[in-house]
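Peer 1: Build me a structure from this.
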Amino acid sequence: MNKNTAAWARNLARKHLETPLPRRWAHTQGVARQARTLAPILGDQADRLEAAAWLHDIGYAPDLVETGFHPLDGARYLRDTHQADPHLCRLVAHHSCALIEARERGLGTELTTDFTAKPPPLSEFLVYSDMTTTPDGSTVTIVDRLAEIRDRYGTGNVVTKCINLAAPLLTDAVHTVERALKQAPPELFDANPV
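Peer 2: Got it, this is the predicted structure:
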């Protein structure tokens with residue numbers, strides 16, 4: 001089986017998330033759904049983005065926790081256990097401005113040593129997919145998603161601090177993808193129904 005396919009990623013994410021973390025699984029399904037809406041503007045990169053969407057939160061799986069920082073744990077699992085595509089691993093490691101939180105948790109050097117310091121191409125599309133999806137898998141605006149994260153974690157939490165630091169970057173990424181979708185010729189969407 002090709003380890004760079006969305007189907008492989010979906011099955012792997014289901015295996016690790018569906019039973020132990022049903023709400024995380026619902027979110028993951030929603031993120032993958034959002035990623036599929038981008039297929040007409042991504043061309044041959046659409047499958048990789050969808051695979052990253054399926055796998056972005058796999059590091060939350062109780063059986064995969066090593067450091068307790070899910071982007072790093074998930075990316076290492078994909079690399080070390082499945083020898084997954086390095087680009088896919090970097091997308092998981094860097095999803096939704098993860099480096100900001102990694103540094104705050106004292107894991108910045110580990111993340112950048114293992115998966116480079118710079119987010120890979122397609123990162124903004126993964127941000128869009130993640131930051132426009134609620135924990136239950138519904139579509140939401142970036143403003144509402146950021147508010148939901150702040151409310152869920154509370155003011156004293158490291159996640160809230162990091163989401164506040166990352167908010168301008170996350171918002172810019174979502175708006176960039178929204179503009180690309182608006183500027184795309186309508187026939188792209190007619191020819192490639194999602």
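
Peer 1: going forward, measure contacts between C-alpha atoms and count neighbours the same way
Peer 2: OK.

Peer 1: what's the burial count for residue 11?
Peer 2: Neighbourhood size, residue 11 [other C-alpha atoms under 10 Å]: 12.

Peer 1: Let's verify it: helix, strand, or coil?
Peer 2: helix (DSSP: H, G, I helix; E, B strand; the rest coil).

Peer 1: That one: what's it in contact with?
Peer 2: Neighbour list for residue 11: empty [criterion: C-alpha atoms under 8 Å, 6 or more residues apart in numbering].

Peer 1: Show the pLDDT at residue 166.
Peer 2: Model confidence at residue 166, expressed as pLDDT, equals 98.

Peer 1: before we move on, what about the one 3 residues further on?
Peer 2: At residue 169, the pLDDT value in this model is 98.

Peer 1: repeat for residue 136
Peer 2: 97.

Peer 1: how close does residue 121 get to residue 173?
Peer 2: Separation of residue 121 from residue 173 (C-alpha to C-alpha, to the nearest Å): 12 Å.

Peer 1: what stretches of the chain score poorly on pLDDT?
Peer 2: For the chain, the stretches flagged by pLDDT under 70 are 1-4, 190-194.

Peer 1: Please enumerate the helices of it.
Peer 2: Along the chain, the segments classed as helices by DSSP state H run 6-17, 22-37, 39-42, 46-55, 70-82, 86-94, 98-104, 108-115, 123-131, 142-153, 158-183, 186-191.

Peer 1: okay, the angle between the fourth one and helix 123-131?
Peer 2: Read it as helix 46-55. Comparing the axes of helix 46-55 and helix 123-131 via axes from the mean of the first three to the mean of the last three C-alpha atoms, to 10 degrees yields an angle of 40 degrees.

Peer 1: Since that was my last question, I'll sign off now.
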